[in-house]
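In: Structure for the following, please:
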Amino acid sequence: MLTQQLRFYPNRRIVTEPHDVPRPSANQVLVEVTHTAVSAGSEMNFIRHGPQAYGITPKPDDAGYNIGYMAAGRVAALGERVEGVALGARVLTGGTHASHCLVDLDNPHTVFDSIPDALDAGEACFAILGDVALHGVRRANLQIDQAVAVFGMGMVGQLTLQLARLSGAYPLIAVDLDDERLQVAAMTGASHTINASREDATQRIRQITTQLGRPAGAEVVFHCTQVPSILQSLLEACANRGKIVLTGSPPGTATIRLQEDLLRREITITGIYESGMNEAHPYWAFTRERNRHACLRMMAQESLHIAPLISHRVPFTRAQAIYDMLASSPSGWLGVVFEWGMGEWGNE
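Out: The predicted model follows:
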């Protein structure tokens, strides 16, 4: 079957190319993709720093790559051993940016989840980032009325803020450099917003919590940015014996004051990566699949709001312009969804 895919080349060149998808083997499912979503953090790491920053092995300089891992569509064909899956069913997968993906149900890392009838497929794609955000919130062990600050109001930060709201945290302080992203955060649950380009976020967080009669600083601070150097500021924004959760994926190194802040104030720093989270065990029941299912349910019930987070829904043929926009500025966009209509490339 001849289908279409986005192919990523050096120097930020993105091309739509045909590719051949084989028919599904015994325990595989072929999905006709209707929507893919851009994971801006991971994909811009690839665009800016190359395949190593995305976690894949480099190829010769002129080779292209397939990236992306958030795709939704309908089941188009089934392998002979597949049971319990209906043709035409709407599903969420970990497919790349392509019109079709082949899902291997024997692979323990496979993403293959049913999309609730009430949920838009483009919105459903973000349940995969929701899994990341929810794991961070779970690891934070949030309590009702606990003070939370989220630094970085990209998609993971926005989802983290909403999930903290659903956990009962208060106040919920959103920090970013972009007013539009802060406005979205205020729409979906932030009690306070701080533009760190105009005011000292650390001082403002300590002021907000003190005015509420709390200990100075946020009891949990989420690092959802790509900037490692702000870690010291997060330590200063954190309350004594508070916690910093690195839910973002900042590359590089950070310099912090070990004795004055980490040691004397007994602050905990927790990294989030979800290694080995495909199967539950007695000490941690919340697998990636369980997190995705929780996010899909909350999205369908409209307690986790995705529509306000999507700034662009465009045909996949506009991919080059979209990635150029993402690379040129952190402002003017948030969630990006590509639509894959068969008629758009003339192979109906």
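In: Please make it C-alpha for all contacts and neighbour counts, starting now.
Out: Will do.
In: count of residues packed around the nearest residue to residue 82 once chain neighbours are set aside?
Out: Closest residue to residue 82 apart from its sequence neighbours, by Cα to Cα, 6 or more residues apart in numbering: residue 27 at 5.2 Å. The burial count assigned to residue 27 is 16, neighbours taken as other Cα atoms under 10 Å.
In: Over to residue 311?
Out: For residue 311, the tally of surrounding residues (other Cα under 10 Å) stands at 13.
In: Enumerate every residue touching the residue nearest to residue 82.
Out: Under the criterion of Cα atoms under 8 Å, 6 or more residues apart in numbering, the neighbours of residue 27 are 78-82, 104-106.
In: switch to 6 Å and redo it
Out: By Cα atoms under 6 Å, 6 or more residues apart in numbering, residue 27 lies in contact with 79, 81-82, 105.
In: Out of these, which end up buried?
Out: The neighbour-count test (16 or more other Cα atoms under 10 Å) marks 79, 82, 105 as buried among these.
In: Name the SS class of the closest residue to residue 121 other than its chain neighbours, please.
Out: Distance criterion Cα to Cα, 6+ apart; nearest residue to residue 121, sequence neighbours excluded, is residue 72 at 5.9 Å. On the three-state scheme (DSSP: H, G, I helix; E, B strand; the rest coil), residue 72 is labelled strand.
In: please begin residue numbering at 69 from this point
Out: Sure thing, new numbering starts at 69, so read that last one as residue 140.
In: Identify the residues contacting residue 140.
Out: For residue 140, the contact set (Cα under 6 Å, 6+ apart) comprises 101-103, 159-161, 189.
In: Dump these to TSV, plus distance to residue 318 and secondary structure.
Out: Below are the contacts of residue 140 laid out as TSV (distance: Cα to Cα, whole Å; DSSP: H, G, I helix; E, B strand; the rest coil):
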residue	distance to residue 318	secondary structure
101	30	strand
102	31	strand
103	27	strand
159	31	strand
160	27	strand
161	25	strand
189	29	helix
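In: Serialize those to a markdown table and add fields for distance to residue 136 and neighbour count.
Out: Listed next are these as a markdown table, based on distance: Cα to Cα, whole Å; neighbours: other Cα atoms under 10 Å:
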| residue | distance to residue 136 | neighbour count |
| --- | --- | --- |
| 101 | 13 | 28 |
| 102 | 14 | 20 |
| 103 | 12 | 28 |
| 159 | 16 | 23 |
| 160 | 13 | 28 |
| 161 | 11 | 24 |
| 189 | 16 | 24 |
